[in-house]
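Peer 1: coords please:
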Amino acid sequence: MVRIVGVDIPDDKRGEIALTHVYGIGRNLAKKILDSTKVGNKKVREWTPNDFQLIHSFITNNLKVEGDLRSEVRLNIKNLVDIRCYRGVRHSLGLPVRGQKTKNNCRTRKGKRKTVANKKKVTK
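Peer 2: Numbers count the residues shown, from 1 in each chain. Predicted coordinates for the structure are as follows:
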């Protein structure tokens, strides 16, 4: 296993897939990284130490990944909550933020169902 930007990269996967283990790097960005560094989409165990150095330097110089990106996203959400905009209120209530309906779905955001008991009818 190799570490790039503090993340273990699996040896048995191709470079394009292995780089997606880093937070902030998806498939398209991984392709661009491999193309710009001229490493190619070969398995990670076939990379040379020079390839590791090229990829590591490209990521650290050009991209915001892992801890920096996570803290930036957290600060953006905190800013939305602080200014009490609609999206911030939805974040603070734990409801969907992007306009989805909430009557039937959105169990992922709302959590497990909370059953509310019915009132019993009064018998005479």
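Peer 1: only C-alpha atoms for contact and neighbour calcs from this point on.
Peer 2: Noted.
Peer 1: tell me the domain boundaries of the protein?
Peer 2: Split into domains by automatic domain parsing, the chain comes to 2-62, 67-110.
Peer 1: could those domains be laid out in CSV, adding mean pLDDT and distance to V122?
Peer 2: Converted to CSV, the domains of the chain look like this (pLDDT from 0 to 100; distance: least, Cα to Cα, whole Å):
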stretch, mean pLDDT, distance to V122
domain 2-62, 92, 58
domain 67-110, 93, 30
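Peer 1: So which of the ones you listed is the most surrounded?
Peer 2: domain 2-62 (a mean of 16; mean count of other Cα atoms under 10 Å).
Peer 1: And the strands in the protein?
Peer 2: 2-4, 7-9 (DSSP state E).
Peer 1: So for D35, which of the ones you listed sits nearest?
Peer 2: Closest to D35 of those, according to Cα to Cα: strand 2-4, at 17.4 Å.
Peer 1: And the contacts of that closest one?
Peer 2: 8-11, 52, 56 (Cα atoms under 8 Å, 6 or more residues apart in numbering).
Peer 1: of the residues you listed, closest to R70?
Peer 2: The closest of those, once distances to R70 are taken by Cα to Cα, is D8, at 17.6 Å.
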